[in-house]
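Undergrad: Any chance you could fold what I've pasted below:
(one chain, ligands or ions: 1)
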Amino acid sequence: MTANIREKDSRHVLQTYGRAPFVLDRGVGMHVWDTDGKEYLDFTSGIAVTPFGHADPEIAAAVSDQMMRLGHVSNLYHTAPQAELADMLCAHSFADRVFFCNSGTEAIEGAIKFARKYARTVTDRPKTQIVSFSGAFHGRSVGALSLTPREAYQAPFRPLMSGVAHVPFNDVAAAQEAIGPETCAVFVEPVQGEGGVNPATPEFLQALRALCNQHGALLVFDEIQTGMGRTGTLWGYQGCGVQPDIMTLAKALGGGLPIGAVLMTERVAAAMQPGDHGSTFAGGPVVCRAAQVVLHRAAAPETLAHVAEMGTLLMERLSEINSPHIREVRGRGLMIGVELDIPAGPVLAAGYAQGMLLLNAGPNVLRLLPPYIIREDHIDTLVNGLTSILREQ
Ligand SMILES: Cc1ncc(COP(=O)(O)O)c(C=O)c1O
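TA: Numbers count the residues shown, from 1 in each chain. Down below sits the predicted model:
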């Protein structure tokens with residue numbers, strides 16, 4: 001069965017992903033099994049997507065109930081799940097309004113459009129420049145890719161969107177130089193994910209806020225990876241003394257179903273008119289019911305306390321591994337990077353052999369994004385496994 005599925009994949013699926021050699025078949029909680037019956041502990045959450053693990057009964061029940069009640073009707077009609085989810089997101093954040101979409105990349109595209117339209121409503125002068133940072137990852141569509149300054153990702157697809165300035169991350173002086181009256185928006189991840197798990201310093205985020213205020217630009221926090229409790233607070237912006245004007249969400253919001261969202265203040269929202277943006281699937285009743293369950297549970301103080309506690313413990317335990325290959329352990333909450341002096345690829349492969357799903361972030365950073373349901377015994381298994389893997393490298 002495994003060979004047959006791999007053969008069909010290699011023959012008919014566009015080969016844009018480097019995939020693990022096994023075929024995953026089912027999962028429960030922290031565990032998944034492949035088609036040969038081998039069990040793995042999942043320390044990836046599907047790249048920060050499944051905060052409550054696999055086959056969560058409450059999410060599954062909400063999805064199945066909504067599917068049997070009203071599965072899809074388009075955005076030409078009101079539905080309760082969408083309105084109620086928007087209400088919940090605003091109640092739990094700085095935002096006044098929400099635009100729903102289907103993925104992180106779409107949320108970034110929406111944010112680019114909203115920022116441009118907002119700039120047009122506040123000035124007649126050209127104000128279209130967008131600033132993003134070295135190491136950023138905002139997505140793969142043309143607009144989002146333009147904000148993602150990685151040569152290998154961009155080069156084959158140029159020309160991209162013009163008017164984007166890439167500035168060194170965490171460099172206040174460089175940001176001061178780059179952000180001016182022509183700046184429309186500044187996009188930043190509170191902790192860069194794909195770029196290597198790099199936390200922004202609070203001083204950097206505060207400086208960006210001040211510069212945006214000074215020049216009438218919008219501060220956009222890309223919380224697609226950091227949002228929904230991943231860093232131990234519901235949003236990454238909490239705890240750094242800064243609020244954005246726009247926040248993008250996706251990944252964990254749907255607990256495994258595809259949904260994205262752009263959250264914004266009323267000031268930004270006021271620039272948008274009916275017809276300015278839209279989507280067929282976005283904010284459908286089924287994904288919104290799933291997201292309500294996820295948000296309700298992610299925002300619960302006991303969930304956030306558990307994420308913070310397990311994150312601290314995991315960081316401590318990883319820092320105690322005595323290996324010459326570890327350069328640094330960094331991150332926030334359950335978003336942790338282990339920078340190695342060797343390529344991460346063979347470590348991931350050795351993890352598979354030991355029954356652990358691990359991620360990388362760039363060539364030599366091991367990235368851990370476990371579900372929020374992780375316990376101390378899972379951390380023991382991970383740290384013991386990594387210790388022996390690194391010893392053999
Ligand atoms: C911070 C950030 N922004 C945007 C994206 C793109 O999201 P998606 O893959 O859902 O389009 C990602 C995905 O990894 C991300 O981590």
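Undergrad: Write out the residues of this protein neighbouring the ligand.
TA: Neighbours of the ligand within the chain, by Cβ under 6 Å from any ligand atom: 47, 103-105, 108, 137-139, 189, 193-194, 222, 224-225, 250. Yep, even glycine has a C-beta here, placed from its N, CA and C like the rest.
Undergrad: now do 5 Å
TA: 103, 104, 105, 138, 139, 189, 193, 222, 224, 225, 250 (Cβ under 5 Å from any ligand atom).
Undergrad: who touches the second one in this structure?
TA: Looking back up the chat, that one is residue 104. 138, 139, 222, 224, 248, 249, 250, 251, 260 (Cβ atoms under 8 Å, 6 or more residues apart in numbering).
Undergrad: And the fifth one, which helix or strand is it part of?
TA: Here residue 248 sits within strand 246-249, counting by DSSP states H and E.
Undergrad: Of all residues in the protein, which one is nearest the centre?
TA: residue 225 (1.8 Å; Cα atoms, centre = their mean).
Undergrad: Now that residue: closest residue in space that isn't a chain neighbour?
TA: Once flanking residues are discounted, residue 225 sits nearest to residue 193: 3.8 Å by Cβ to Cβ, 6 or more residues apart in numbering.
Undergrad: Give me the neighbour count for the one you found.
TA: By other Cβ atoms under 10 Å, 26 other residues sit near residue 193.
Undergrad: same check, this time on residue 178
TA: The tally of other residues near residue 178 (other Cβ under 10 Å) stands at 18.
Undergrad: Do you know the pLDDT at it?
TA: On the pLDDT scale, residue 178 is placed at 98.
Undergrad: residues contacting it?
TA: 131, 165, 167.
Undergrad: switch to 10 Å and redo it
TA: 129, 131, 133, 165, 166, 167, 168, 171, 186, 211 (Cβ atoms under 10 Å, 6 or more residues apart in numbering).
Undergrad: Can you tell me how far it is from the ligand?
TA: 20 Å (Cβ to the nearest ligand atom, to the nearest Å).
Undergrad: And for residue 304?
TA: Relative to the ligand, residue 304 is positioned 20 Å away (Cβ to the nearest ligand atom).
Undergrad: From what I see, that residue and residue 51 are in contact.
TA: No: in this structure residue 304 lies outside contact range of residue 51 using Cβ atoms under 10 Å: 11.1 Å.
Undergrad: Which residue of these two possesses the greater neighbour count?
TA: Taking other Cβ under 10 Å, residue 304 and residue 51 do not tie; residue 51 has more neighbours (27 against 19).
Undergrad: which element is that one on?
TA: Using DSSP H and E, residue 51 falls within no helix or strand.
Undergrad: and it, what is it in contact with?
TA: Residue 51 is in contact with 45, 59, 228-230, 251-253, 255-256, 294, 297-298, 303, 307, 334, 369-373, counting by Cβ under 10 Å, 6+ apart.
Undergrad: Quick check: the gap between it and residue 218.
TA: The gap separating residue 51 from residue 218 is 28 Å, by Cβ to Cβ, to the nearest Å.
Undergrad: How about residue 164?
TA: 15 Å.
Undergrad: Residue of the protein nearest the ligand, please.
TA: Closest residue of the chain to the ligand, Cβ to the nearest ligand atom: residue 104 (2.2 Å).
Undergrad: Point out where the stretch 101-250 of the chain drops to low pLDDT.
TA: Within the stretch 101-250 of the chain, no range satisfies pLDDT under 70.
Undergrad: Provide the secondary structure category for the residue lying farthest from the centre of the chain.
TA: Here the centre of the chain is the reference, and by Cα atoms, centre = their mean the most remote residue is residue 124, at 34.5 Å. Secondary structure assignment for residue 124 (DSSP: H, G, I helix; E, B strand; the rest coil): coil.
Undergrad: Ramachandran coordinates for it?
TA: When read as degrees, to the nearest 10, the backbone of residue 124 gives phi -90, psi -20.
Undergrad: go on, residue 31?
TA: Backbone dihedrals for residue 31, given as degrees, to the nearest 10, come out at phi -110, psi 140.
Undergrad: Not counting residues beside it along the chain, what's closest to it?
TA: residue 39 (5.9 Å).
Undergrad: OK, contacts around the one you found?
TA: With contact taken as Cβ under 10 Å, 6+ apart, residue 39 is in contact with 27, 31, 32, 33, 355.
Undergrad: do you know how far it is from residue 25?
TA: Separation of residue 39 from residue 25 (Cβ to Cβ): 11 Å.
Undergrad: what is in contact with the two at once?
TA: Contact criterion Cβ under 10 Å, 6+ apart; residues shared by residue 39 and residue 25: 32, 33.
Undergrad: What ranges does the chain have for its helices?
TA: Applying DSSP state H to the chain gives helices spanning 2-12, 45-48, 57-69, 80-91, 104-122, 142-146, 151-154, 172-178, 202-215, 266-269, 285-298, 301-319, 345-354, 376-391.
Undergrad: Reformat those helices as a markdown table; add distance to residue 363.
TA: Converted to a markdown table, the helices of the chain look like this (distance: least, Cβ to Cβ, whole Å):
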| stretch | distance to residue 363 |
| --- | --- |
| helix 2-12 | 24 |
| helix 45-48 | 17 |
| helix 57-69 | 34 |
| helix 80-91 | 36 |
| helix 104-122 | 22 |
| helix 142-146 | 20 |
| helix 151-154 | 11 |
| helix 172-178 | 24 |
| helix 202-215 | 24 |
| helix 266-269 | 37 |
| helix 285-298 | 31 |
| helix 301-319 | 19 |
| helix 345-354 | 8 |
| helix 376-391 | 16 |
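Undergrad: Thanks a lot, catch you later.
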